[in-house]
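S.K.: A structural model of the following input is requested.
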Amino acid sequence: MITIDALTKKYGRTTAVDGVSFVAQPGRVTGFLGPNGAGKSTTMRMVVGLTKPTSGSSTVAGRAFADLPNPGREIGVMLDASAQHAGRTGREILTIVQQTLGLPGNRVDEMLDLVSLTEAEADRRVGNYSLGMRQRLGIASALIGNPAVLMLDEPANGLDPAGIRWMRDLLRGFADQGGTVLLSSHLLREVEIIADDLVMIGHGRIVCEGSTAELLQSMGTIARADDLTALRRALHAAGIETTESDQGGVATPAEPARVGQAAFAAGIALTELRTADGGLEDMFLELTTDTQRERKVA
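M.R.: Below is the predicted model of the structure:
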C-alpha cells in the first residue's frame, strides 16, 4: 500500500504539488494521470525520498520510505528507464541491484527471463539498448527484490504492441496476487484497460479520483432498440432523461445497468447498450482542460 497525505512541494513561489492525498490499495492498479508538468513525477519522487516535500507525508507499507530497512524489497521503482549506466551491460546492472539487496545470484537470470531479455541482449552494453529494452531492464530492476509494491512512471514507453500487452499482463498479474501498483502513463487507453482506480491531477492538485468503472459510468450511456420511441417512453417512465445520440440511438447520463433494467421491465429488447464514446481520454481532456498546453481549436 502507498499512502500519500497532503504532499506539497514548492520551488520558491511555484507550487509543483499542492496538498495531494490518496491511497494506492493492495490488489489494485492505480492509474496516476495528468498533463505534463501537473506534478505526477514530483509526487512519485517525494514518495521514494528523491525529492524532499515542503509539507505532508507518504508511507509505503505503513512506513516512511527512509525508515524501510531494505527499500528495494518493499517497493520496486522505475521513474526513468533511461537513467541507467550506458557503459554497463544489462546483466551487470541487475547484478549490482541483486548484490545491493542481498539477493541470491539466480535472481538475475530469473528477471532476465521474466522480462524476455535474451542472453545476448543481457551481455550488451545498455548504451546500445533500444528504449523498449531499457524499459524491460527497468522493470527487471524494480521486480528483482520481490516487492509487494510497484511504482512506475511511463513503463510502456517505447514498447511495441506485443510489449505493451506483455506489460499489461505482467502488472495485472502482480496486482491480482495482492500487489500494489501505482502507474503513471500518457497511454490513456492502456490505463483504462488495466487500472482499477484513477487519480487525476492538474496544476499539482487532484481534480478527480475514484474507481475506473464508476468514473467512466459518469460519461453516460448509449442505448439502442428497434423501436426507439418505445425505448424513450420506457426510460422517461423510469425517471431517466434522454437525448438523441450522434449515432441515432438514445443517450442518457444514467448508468448502463439502470437503463437495461428499465428497458427489460418494459419488455423492450435492446440491440445496443454501452458507455458513451470517448471514455477516459475525453474525461481526461475535460477535467484537465485548463492545464493543457494545447487548446481546442474552434
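
S.K.: quick one: Arg189 from Ala64, how far?
M.R.: For Arg189, the distance to Ala64 equals 35 Å [C-beta to C-beta, to the nearest Å]. Any C-beta I mention is one placed from the backbone N, CA and C, and that applies to glycine too.

S.K.: just the helices in this structure please.
M.R.: Remark: helices assigned in the chain by DSSP state H are 40-47, 90-100, 106-114, 119-122, 131-143, 161-176, 188-194, 212-217, 228-237, 256-265, 279-287.

S.K.: confidence-wise, which of those is weakest overall?
M.R.: The weakest mean pLDDT among these belongs to helix 279-287, with a mean of 68.

S.K.: contacting residues for Phe22?
M.R.: Contact analysis of Phe22 by C-beta atoms under 8 Å, 6 or more residues apart in numbering lists Ile4, Thr30, Val199, Ile206, Glu209.

S.K.: quick check: the farthest pair among those?
M.R.: Among those, the pair separated by the greatest distance (C-beta to C-beta) is Thr30 and Ile206, at 12.4 Å.

S.K.: mind putting the helices of the chain into a markdown table with mean neighbour count and distance to Pro53?
M.R.: Conversion of the helices of the chain to a markdown table gives the following (neighbours: other C-beta atoms under 10 Å; distance: least, C-beta to C-beta, whole Å):
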| stretch | mean neighbour count | distance to Pro53 |
| --- | --- | --- |
| helix 40-47 | 23 | 5 |
| helix 90-100 | 18 | 26 |
| helix 106-114 | 17 | 32 |
| helix 119-122 | 15 | 37 |
| helix 131-143 | 22 | 23 |
| helix 161-176 | 16 | 27 |
| helix 188-194 | 18 | 25 |
| helix 212-217 | 17 | 27 |
| helix 228-237 | 16 | 49 |
| helix 256-265 | 16 | 41 |
| helix 279-287 | 17 | 25 |
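
S.K.: just so I know, which of those helices lies nearest Gly19?
M.R.: Sorting these by C-beta to C-beta, the top spot, which is the nearest, belongs to helix 40-47 at 11.0 Å.

S.K.: name the helices or strands packed onto the closest one?
M.R.: strand 2-11, strand 14-24, strand 29-33, strand 55-60, strand 149-153, strand 180-184 (3 or more C-beta pairs under 8 Å, 6 or more residues apart in numbering; DSSP states H and E).

S.K.: what helices or strands is the last one leaning on?
M.R.: When contacts are defined as 3+ C-beta pairs under 8 Å, 6+ apart, strand 180-184 sits against strand 14-24, strand 29-33, helix 40-47, strand 149-153, helix 161-176.
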